[in-house]
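Visitor: Sharing a sequence plus its predicted fold:
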Amino acid sequence: MSENQQEVAVTQEATKESRDVLDQLMKPEVQQSLTVLVENLPKLTEMVTLMTDAYDVARSLATDPVFIGDMKNSMGEFVKPVTESAKGLASAAIEANDRVQTTDGSVGLFGLLKMLKDPNVQKTLRFSQVFLDILNERQRESK
């Protein structure tokens with residue numbers, strides 16, 4: 001294919017695409033959409049400006065080493081107590097499991113009565129009772 005033939009083919013393709021675009025622009029729904037778009041250009045400009053400003057702020061914060069360090073420290077201060085609490089609970093659960101594995105005895109009636117005097121058991125039982133009461137109330141409300 002010669003260079004002239006290639007140019008003609010490209011020109012014909014561009015002309016066809018232009019006709020397709022013009023055909024689309026002649027549709028009433030496209031014209032209506034364009035009218036709405038033109039009417040709202042000031043709002044769209046304002047929105048784009050605000051979004052650009054927000055992007056600039058986010059970008060400057062994301063690249064600011066002082067801000068990143070402060071965020072790391074803040075998150076560390078927030079996460080540290082939760083992590084320590086979770087580690088404590090996990091440690092207690094592991095220790096309890098180890099003790100259960102080494103104990104063969106069963107819990108009798110007097111053992112249960114003795115456990116009922118434990119403040120932690122009482123707190124857990126009260127929580128369980130209130131939790132179940134709330135679930136029952138919600139179940140009754142949903143019926």
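Guide: Sure thing, it's come through.

Visitor: In this structure, which helix is the longest?
Guide: Criterion DSSP state H: the longest helix present in the chain is helix 65-102.

Visitor: Could you list the domains of this structure?
Guide: 3-106, 107-143 (automatic domain parsing).

Visitor: that older thread, what packs against the next helix or strand after the longest helix of the chain?
Guide: The helix or strand immediately downstream of helix 65-102 is helix 109-116, counting by DSSP states H and E. Taking 3 or more Cβ pairs under 8 Å, 6 or more residues apart in numbering; DSSP states H and E as contact, the helices and strands that helix 109-116 lies on are helix 119-142. In short, each C-beta sits where N, CA and C put it, glycine included.

Visitor: tell me the mean pLDDT for the helix it packs on?
Guide: For helix 119-142, mean pLDDT rounds to 94.

Visitor: low-scoring stretches of the chain, by residue?
Guide: 1-2, 4-5, 8-10, 14 (pLDDT under 70).

Visitor: And for Val121, the neighbour number?
Guide: Each residue near Val121 was counted by other Cβ atoms under 10 Å, and the total is 13.

Visitor: For it, which residues are in contact?
Guide: Counting by Cβ atoms under 8 Å, 6 or more residues apart in numbering, Val121 touches Met115.

Visitor: and Gln122, what is it in contact with?
Guide: Here Gln122 is in contact with Leu116 (Cβ under 8 Å, 6+ apart).

Visitor: if I look at the spatially most central residue of the chain, how far off is Arg59?
Guide: Residue closest to the average C-alpha location in the chain (Cα atoms, centre = their mean): Met75, at 16.8 Å. Distance, Met75 to Arg59, by Cβ to Cβ, to the nearest Å: 20 Å.

Visitor: ok, now Gly111?
Guide: 64 Å.

Visitor: likewise Gln139?
Guide: Gln139 sits 50 Å away from Arg59, taking Cβ to Cβ as the criterion.
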